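Chemist: The sequence and its predicted three-dimensional model are supplied below.
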Amino acid sequence: RPGLALCAGCGGRIQDPFLLRVSPDLEWHVACLKCAECGQPLDETCTCFLRDGKAYCKRDYSRLFGIKCAQCRAAFSSSDLVMRARDHVYHLECFRCAACGRQLLPGDQFCLRERDLLCRADHGPTPDGTAARRPSSP
């Protein structure tokens, strides 16, 4: 197909003997396929991600479009363990009570008020109407 394809990067006709096809309908000159954010050349040796017709390296795609921790706003790596509360996702170490700072563990009761996680002791009255109390320090 050289000579028939148009480069998604520069818009020119691809007459080179080689082209890079990233999706069924997007093709680039080898020299034109670069990360839209950092300019890193993208070829068969690195992972390429597409968004709105633009190509990104893995690092920039994750930084710009990946899910971020609701507490620290940092991106997640593929090896991170996470905690979820409704539509929010947290690093394990960020899943803490906003009032007392205690790390919340799987199985702990908590509530989510707006963006704040609160442990059971800090989120107010229990379902029976009595005030929840935080254990006193020794």
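Modeler: Structure's in. What do you need? Numbering: from 1, shown residues only.
Chemist: Now do the domain split for this structure, please.
Modeler: 19-65, 67-124 (the TED database).
Chemist: can I get those domains in CSV with mean pLDDT, mean neighbour count and distance to residue 11?
Modeler: Where C-beta positions appear, they are placed from N, C-alpha and C, glycine not excepted. Output for the domains of the chain, formatted as CSV (pLDDT from 0 to 100; neighbours: other Cβ atoms under 10 Å; distance: least, Cβ to Cβ, whole Å):
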stretch, mean pLDDT, mean neighbour count, distance to residue 11
domain 19-65, 85, 15, 9
domain 67-124, 90, 14, 32
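Chemist: can I get those in JSON lines with distance to residue 12?
Modeler: As requested, these are exported to JSON lines (distance: least, Cβ to Cβ, whole Å):
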{"stretch": "domain 19-65", "distance to residue 12": "7"}
{"stretch": "domain 67-124", "distance to residue 12": "34"}
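Chemist: Residue 13 is nearest to which of those domains?
Modeler: Ranking those by proximity to residue 13 (Cβ to Cβ) places domain 19-65 first, at 9.5 Å.
Chemist: Distance across that closest one, terminal residue to terminal residue?
Modeler: End-to-end distance for domain 19-65, by Cα to Cα, to the nearest Å: 27 Å.
Chemist: With stretch 88-96 instead?
Modeler: Distance between the two ends of stretch 88-96: 13 Å, counting by Cα to Cα.
Chemist: ditto for stretch 42-51
Modeler: 15 Å.
Chemist: Show me the contact partners of it.
Modeler: 20, 22-23, 26, 30, 33-35, 40, 55-58, 61, 64-65 (Cβ atoms under 8 Å, 6 or more residues apart in numbering).
Chemist: repeat for stretch 94-112
Modeler: Contacts of stretch 94-112 (Cβ under 8 Å, 6+ apart): 69-72, 83, 85-86, 88, 92-93, 116-123, 134.
Chemist: how about a cut-off of 10 Å?
Modeler: 69-74, 82-90, 92-93, 113-124, 126, 132, 134 (Cβ atoms under 10 Å, 6 or more residues apart in numbering).
Chemist: Looking at those residues, which are in helices?
Modeler: With helices defined by DSSP state H, no entry of the contacts of stretch 94-112 lies inside them.
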